[in-house]
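Undergrad: sharing a sequence plus its predicted fold:
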Amino acid sequence: VGCVLASVTVVNPASAATYTLTAAFSDSRVSVGHKARISGSVTPRAANQDVRLQLRSGRRWETVKAKTTTAESTYSFKIYPAKAGIYRYRVVMPSTAKHPRLVSPVRKLKVFRWVYLDSRNEISGGGIGYSGGERINGALYLHTLDGYIYSGGDVGYETSGEYNLYRQCDRFKATVGLTD
């Protein structure tokens, strides 16, 4: 004579909670060494749960940081990228008895580095020179490019220069002034 014990749990799919894990960068473009923040939330509420920030490395996802969600079911990670490039991140919340494994959408972070034009070769124009530094209103500015505008009588002269940045520049920052 045999005895069989069985336990069956029936879950009504219509009443089961559907969990969502969000992720977003506060700024998806940062310069090398500056802070990038990725944050998000879990709905419905899932307080004090482990979340892992993962970075795509080749064909694999590597966990680079881990935290616990707040009482409000939110999280936030700070990243300080050391190299320029485009990085792909996601956030994963491992499964528990209360919820399945959750994976956020993949988010891209573009990390750029500033390059001084004085480190590039001028390809046309002529007359732009690198002096090693100039003073403007008493402040020393290194990495300066010097050009001249002269107008006197019937004679006018101006300087221009052209640099090839190979389509790698999408922001330009400059300070312009008259030397002391």
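TA: In hand now; what should we look at? Numbering: from 1, shown residues only.
Undergrad: can we go C-alpha only for contacts and neighbour counts from here?
TA: OK.
Undergrad: mind listing the helices for the protein?
TA: Across the chain, reading from the start of the chain, there are no helices by DSSP state H.
Undergrad: show me what contacts the nearest residue to Trp114 once chain neighbours are set aside?
TA: Distance criterion C-alpha to C-alpha, 6 or more residues apart in numbering; nearest residue to Trp114, sequence neighbours excluded, is Ser31 at 7.5 Å. Neighbouring residues of Ser31 by C-alpha atoms under 8 Å, 6 or more residues apart in numbering: 84, 111-114.
Undergrad: one more time with 10 Å
TA: Neighbouring residues of Ser31 by C-alpha atoms under 10 Å, 6 or more residues apart in numbering: 80-85, 110-114.
Undergrad: any idea what it is bridged to?
TA: Under DSSP bridges, the beta-bridge partners of Ser31 are Phe112.
Undergrad: find the nearest non-adjacent residue to Asn164, please.
TA: Ile123 (6.9 Å).
Undergrad: same question, Ile79
TA: In space, Ile79 comes closest to Ala36 once its chain neighbours are excluded; the distance is 5.1 Å by C-alpha to C-alpha, 6+ apart.
Undergrad: I'd like to know how far that neighbour sits from Tyr89.
TA: Distance, Ala36 to Tyr89, by C-alpha to C-alpha, to the nearest Å: 12 Å.
Undergrad: now Tyr80
TA: Noted for Tyr80: a distance of 13 Å to Tyr89, by C-alpha to C-alpha.
Undergrad: one step back: common neighbours of Ala36 and Tyr89, please.
TA: 25, 109.
Undergrad: so where's the protein uncertain?
TA: By pLDDT under 70, the weakly predicted segments of the chain are 1-16, 125-127, 130-131, 148-158, 180.
Undergrad: again, only using 80
TA: When residues are selected by pLDDT under 80, those of the chain lie in 1-17, 117-132, 145-161, 163-180.
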